[in-house]
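J.: Need a 3D model of the following:
(one chain, ligands or ions: 1)
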Amino acid sequence: MDIHTVTSYRAARRRDDLRLAPGERLLGGGTWLYSEPQVGTTGFVDLTTLGWEAVERTEAGLRIAATCTIAELSALPESIIGRAHPLFFQCASALLASFKIWNVATVGGNICRSFAAAGMVSLAVALDATAEIWAENGEERTEAVADLITGNGTNTLAPGDVLRAIDFPSHALDARTAFRKIALAELGRSGAVLTGRVDDDGSAVFTVTAATLTPWVLRFPGVPSAAQLRERVEAASDYYTDPLGSADWRRGVSVVLAEEIREELAS
Ligand SMILES: Cc1cc2nc3c(=O)[nH]c(=O)nc-3n(C[C@H](O)[C@H](O)[C@H](O)COP(=O)(O)OP(=O)(O)OC[C@H]3O[C@@H](n4cnc5c(N)ncnc54)[C@H](O)[C@@H]3O)c2cc1C
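T.: Below is the predicted model:
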């Protein structure tokens, strides 16, 4: 794609470099930005030159830099992640991605693009991850990724906000997890991505993404009964229709996949 409106490129080296001039746009891996015309964009500011450590173990859990690529994330070993390790590769694979996209697309770019079928949103939401956001005025805030996404392609980020990192808490990384995904075409974009998790204290968390416009996080004190889970999954109010599946289909397959996850986690 020729991005014919863009006439400048800046490699960011420090936080001050992230102040955007009119027409400038933050650049992650560029896999979406370069894939269609960006009318109104005249310059890119590259985040990948900031030198952020891709993965850090913290006291609270695991920090993934926004500039960590999906390939890097999906290759992390269990010794770094913990018991929830399979979910990282599973959610990365939920992204319809060619080899090229897989290797340059960033975790932050995927979350900030905020498509319903964003595999990194599925992962973050499944594991109660939070986003550290740098505002242009120098302030910082933390938001649950589940709250950040407001629709298929929309989020709470203000112009100039930079997603710095995603923090995964230890209690979720230590959980037993299960994952299901369905797409209408074998290599098609995800129609529904469902996850389940049982923490050490016995509490259970199920999530619905890709099938709904916003992520749904369903919490239970323990593994729910089939009827309890079905009721909550069916009740999600924003199953949507597009060429990749109707709302009714998305609701129906979500119920089936959630039950499969429930049975797997209960066994
Ligand atoms: C063939 C193809 C298939 C695709 N399939 C999928 C799919 O299945 N699911 C899906 O979700 N996407 C899909 N995409 C879209 C896109 O490739 C992915 O969402 C990808 O993960 C975006 O990451 P990126 O680093 O390349 O983002 P970029 O293209 O660099 O940026 C995406 C957006 O996020 C902003 N941004 C990037 N990083 C930050 C940050 N740290 N802080 C604030 N804003 C930021 C950019 O300004 C831009 O608006 C597909 C694209 C193509 C071309």
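J.: Helix or strand: which one has E259?
T.: Per DSSP states H and E: E259 is located in helix 247-266.
J.: That helix packs against which elements?
T.: For helix 247-266, the helices and strands in contact under the criterion 3 or more C-beta pairs under 8 Å, 6 or more residues apart in numbering; DSSP states H and E are strand 176-182, strand 192-198, strand 204-209, helix 226-235. To be clear about C-beta, it is placed using only N, CA and C from the backbone, and glycine gets the same treatment.
J.: so which of these is the most packed in?
T.: Per-stretch averages of neighbours, counted by mean count of other C-beta atoms under 10 Å, single out strand 192-198 among these, with a mean of 27.
J.: mind listing what that strand pairs with, with the direction of each?
T.: Applying DSSP bridges, strand 192-198 is found paired with strand 176-182 (antiparallel), strand 204-209 (antiparallel).
J.: got the angle between it and helix 226-235?
T.: In this structure, strand 192-198 runs at an angle of 140 degrees to helix 226-235, with axes from the mean of the first three to the mean of the last three C-alpha atoms, to 10 degrees as the basis.
J.: pull the CA atoms of strand 192-198 into PDB?
T.: Extracted C-alpha coordinates of strand 192-198, given in PDB (Å, rounded to 0.1, in the frame of the first residue of the first chain):
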ATOM      1  CA  ALA A 192     -15.500 -16.300  18.400                       C
ATOM      2  CA  VAL A 193     -12.700 -16.700  20.900                       C
ATOM      3  CA  LEU A 194     -13.600 -18.100  24.300                       C
ATOM      4  CA  THR A 195     -11.300 -18.600  27.300                       C
ATOM      5  CA  GLY A 196     -11.700 -20.000  30.800                       C
ATOM      6  CA  ARG A 197      -9.500 -19.900  33.900                       C
ATOM      7  CA  VAL A 198      -9.600 -21.400  37.300                       C
END
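J.: Distance-wise, check the one residue in the stretch 1-150 of the chain that gets nearest to the ligand relative to R25.
T.: Closest to the ligand within the stretch 1-150 of the chain is G109: 2.2 Å, counting by C-beta to the nearest ligand atom. G109 is 11 Å from R25, where distance means C-beta to C-beta, to the nearest Å.
J.: between the two, who's got more neighbours?
T.: The neighbour count for G109 versus R25, taken as other C-beta atoms under 10 Å, is higher for G109 (26 against 15).
J.: Let me know the helix or strand that that one is in.
T.: helix 107-113.
J.: S122 now?
T.: Using DSSP H and E, S122 falls in helix 119-126.
J.: residues in contact with that helix?
T.: 70, 73, 87-88, 91-95, 107, 110-111, 114, 129, 131, 145-146, 149, 166, 168, 172, 177, 179, 190, 193, 195, 197, 205, 207, 209-210, 215, 217 (C-beta atoms under 8 Å, 6 or more residues apart in numbering).
J.: On the pLDDT front, check the closest residue to S8 other than its chain neighbours for me.
T.: Sequence neighbours aside, G43 is the residue nearest to S8 in space, at 3.6 Å (criterion: C-beta to C-beta, 6 or more residues apart in numbering). Here the pLDDT value assigned to G43 is 97.
J.: got the contact list for G43?
T.: With contact set as C-beta under 8 Å, 6+ apart, G43 has these partners: V6, T7, S8, Y9, R10, A21, G23, E24, R25.
J.: pLDDT at the fourth one, what is it?
T.: In this model, Y9 is scored at 97, pLDDT.
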